[in-house]
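# Build me a model from this:
(one chain, ligands or ions: 2)
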Amino acid sequence: MEAVDYLAEERRKAEFDVEEMKIVWAGSRHAYEISDRVSRLVASDPVFRKDNRTMLSRKDLFKDTLRKAAHAWKRIIELRLSEEEAKTLRFYVDQPAYTDLHWGMFIPAIKGQGTEEQQQKWLPMAYKMQIIGCYAQTELGHGSNVQGLETTAKFDPQTDEFVIHSPTLTSSKWWPGGLGKVSTHAVVYARLIIDGQDHGVHGFIVQLRSLDDHSPLPGITVGDVGMKFGSGAYNSMDNGVLRFDHVRIPRNQMLMRVSQVTREGKYMQSDVPRQLVYGTMVYVRQTIVSDASRALSRAVCIATRYSAVRRQFGSQNGGPETQVINYKTQQSRLFPLLASAYAFKFVGEWLKWLYADVTQRLEANDFSTLPEAHACTAGLKSVTTSATADAIEECRKLCGGHGYLSSSGLPELFAVYIPACTYEGDNIVLLLQVARFLMKTVSQLGSGKNPVGTTAYMGRVEHLTQCNCEVQRAEDWLKPSVILEAFEARAARMSVACAKSLSKFSNPEEGFAELSADLVEAAVAHCQLIIVSKFIEKLQQDIPGKGVKRQLETLCNIYALYLLHKHLGDFISTGSISPKQGALANEQLRLLYSQVRPSVIALVDAFNYTDHYLGSILGCYDGNVYQKLYDEAWKDPLNETVVPDGYHEYIRPILKQHIRNARL
Ligand SMILES: CCCCCCCC/C=C\CCCCC/C=C/C(=O)SCCNC(=O)CCNC(=O)[C@H](O)C(C)(C)COP(=O)(O)OP(=O)(O)OC[C@H]1O[C@@H](n2cnc3c(N)ncnc32)[C@H](O)[C@@H]1OP(=O)(O)O
Ligand SMILES: Cc1cc2nc3c(=O)[nH]c(=O)nc-3n(C[C@H](O)[C@H](O)[C@H](O)COP(=O)(O)OP(=O)(O)OC[C@H]3O[C@@H](n4cnc5c(N)ncnc54)[C@H](O)[C@@H]3O)c2cc1C
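Ligands and ions are numbered 1, 2, ... in the order given. Okay, the predicted model is just below:
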């Protein structure tokens, strides 16, 4: 059999209806149709070509990004694309650009923190891209500690203006995407100072560049922070540095939904919580969870298809060697990642719902679910991005040597993805926020206030800290109630243990710092419980299509039992399960790998990714890997000449040195 036929043969083995699974993956038939149409539109447009991206110089890459962003905007207008279609277009264009921050943070910041009047003034211009904005929060000296920002906004009652200033080197804004070379405006986070009194960090709309010739306005120093990790990758983005030298803006450019400054310089707070100033981050963290499933599914699609094509060892009587996907070690590394991609997809959908719900409540001045929304977005952002970053690297290794080639698509995907563990909140810092939320929840148990939402399980803490797992045979691990209780017991016991240890410290903050590593582990256990439980909830829905639900059940079990195996120490040391039950879970996991094996190619086909989007020779749909790798090699600039540039200067003199030496 030719390499090109391997995937066709695999597709024949699928035990479910792939077309129906495509709809489940997309979220709805409507979303599937949009995704399918727009991905083909992008793939067939030469402006969106990206196969040469990693070869471009920084300047050429940046100009290419500007061209793509302008072309995308033109197509959005010409084709009258809806918001959903435009977002899908951005996703398939697959090149980080200033527009991500304009649409993803600048506009949401004004929507979430601006008054009605401010929204009416700024949003129409932003929607038409008559102004382009970014989100300027982080500084050279402070990122995680938002309260520690140094930029100042002093109110000048004489002129009814704020004076924005960078008092120190460390107060220089540093990192904001789109700031370096493109943004005309920014939402700038600065300390509000009135009459010498510091009112903490607030958001201000500041114009940075002229709308006529794009030059920085007086008092503004702005530029790009420089090359980042990897070739291509996030270097298409102009992450920027910005300093203010007493820049004046009108008073009405402070975002005033949360607090206001009057003409007389009086500081007033609305009855909305101060934390709404952080609202844009909650919004973006929620979108990052869905992005994790996209990046992970892309890497998994590449590694799965290649693993079915690649053969090593095991040839019998001159027959073909074994497909590497049939090695149990390959399966135990790859299949949990496939299951994780589906798990992150469904938890991302749920988080989107949670965010919509909290937004609706906020509009009605109900702030009760804000702390949970913060904890869920922070925790799930952290857990899904860390797992995805590790998984992309694992997929590279699963593809052996060829995974290290740029044309595999994996090195660039890794380089572009890993900052997700840092931006929108360093993952450890965010898990500590979840831990604070959990410790608060535990401390309130027994106070008559029942925990709700994702911490509702804590309401059964007495049972969960005493219950015994009922598993006696491997197949008992297939019961959703058994899996759920094991994950709930582990999470509850880890939180309770941390709370007990904390109570021994006379200074709770000192205790929190001392125990922070354990607290992070408790937070991870809680977040993994959320992901597992949302996957199980998804399966309670009506899911049509032959064999679709069954495949999803298998994936859900793989995801849960893989986590259980990986964190066996937690489960056993908390007494949530016994060592024997841990061994039975692993036995069941092996059986599940065999069960899902015939369908794995179809399960990655269900992502419905075009070859253009995947950007990988190893992952192409037809599986014609070797011919494509061979052809691609000859396109490298080094192969433009047979004898390389530099031969006469640097190679020939070495090769000929014996002649020179002989003459001496
Ligand atoms: C191959 C091509 C592929 C292309 C792929 C491209 C993909 C592109 C996808 C996406 C694009 C994304 C682009 C990303 C751009 C990045 C942007 C940024 O990074 S913006 C900057 C983000 N910065 C941070 O996240 C900073 C992190 N720090 C904080 O959030 C906070 O300071 C804190 C650490 C959470 C809190 O610190 P602190 O302890 O000082 O807290 P306080 O401020 O005192 O507040 C304490 C109380 O407030 C509650 N709280 C905190 N945060 C929130 C919140 N966000 N919402 C609600 N409540 C909050 C906290 O719980 C405390 O409550 P109580 O205990 O007092 O009740
Ligand atoms: C590609 C990229 C794009 C970005 N885009 C933007 C943007 O558009 N706008 C913007 O404003 N910002 C942006 N940022 C900045 C980003 O939000 C910050 O880098 C991020 O919040 C982390 O902050 P930091 O750099 O200060 O890390 P630090 O907080 O300095 O982290 C350094 C180390 O210290 C640890 N640490 C810090 N605090 C604690 C603690 N309390 N307890 C335990 N450990 C701790 C961290 O875990 C980490 O290991 C971007 C960053 C990147 C990389």
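
# need the helices for the stretch 51-200 of the chain, in chain order.
Under the criterion DSSP state H, counting those that start in this stretch, the stretch 51-200 of the chain carries helices at the ranges 58-78, 83-93, 98-101, 107-113, 116-127.

# remind me, longest helix of the protein?
helix 328-363 (DSSP state H).

# hmm, that one in reach of ligand 1?
No - applying C-beta under 6 Å from any ligand atom, one finds helix 328-363 separated from ligand 1 by no less than 9.6 Å. Just so you know, the C-beta spots here come from the backbone N, C-alpha and C atoms, and that holds for glycine as well.

# Check which helices and strands the next helix-or-strand element following that helix is in contact with.
Counting by DSSP states H and E, the next helix or strand C-terminal to helix 328-363 is helix 370-398. Here helix 370-398 touches helix 279-309, helix 328-363, helix 410-417, helix 427-443, helix 516-539, going by 3 or more C-beta pairs under 8 Å, 6 or more residues apart in numbering; DSSP states H and E.

# which parts of stretch 615-624 are buried?
Residues of stretch 615-624 classed as buried by neighbour count (16 or more other C-beta atoms under 10 Å): 615-620, 622-624.

# out of these, which are inside helices?
Counting by DSSP H, the buried residues of stretch 615-624 contribute nothing to helices.

# Now do the residue in the stretch 101-250 of the chain that ligand 1 sits nearest to: how many residues are near it, please.
Nearest to ligand 1, among the residues of the stretch 101-250 of the chain, is residue 146, at 3.5 Å (C-beta to the nearest ligand atom). As a burial measure, residue 146 scores 17 neighbours (other C-beta atoms under 10 Å).

# do you know how far it is from residue 191?
11 Å (C-beta to C-beta, to the nearest Å).

# Overlap of the contact sets of those two?
residue 201 (C-beta atoms under 8 Å, 6 or more residues apart in numbering).

# Ligand 2 contacts on the stretch 1-150 of the chain?
Of all the residues in the stretch 1-150 of the chain, those lying near ligand 2 are 101, 135-138, 143-144, going by C-beta under 6 Å from any ligand atom.

# if we can go back for a sec, give me the distance from the longest helix of the chain to the chain's centre.
Counting by C-alpha atoms, centre = their mean, to the nearest Å, helix 328-363 is centred 11 Å from the centre of its parent chain.

# Same question for it: list its buried residues.
So, applying 16+ other C-beta under 10 Å, buried residues of helix 328-363: 330-351, 354-355, 358, 362.

# hmm, back to that, and the residues of the stretch 1-150 of the chain next to ligand 2, which are buried?
101, 135-138, 143.

# any idea which of those is closest to residue 520?
Ranked by distance to residue 520 (C-beta to C-beta), those are led by residue 143 at 18.5 Å.

# what's the closest non-adjacent residue to the closest residue to ligand 2 within the stretch 501-650 of the chain?
Minimum separation of the stretch 501-650 of the chain from ligand 2 (C-beta to the nearest ligand atom) falls at residue 516, amounting to 6.0 Å. Excluding the flanking residues, the one nearest residue 516 by C-beta to C-beta, 6 or more residues apart in numbering is residue 432, at 6.2 Å.
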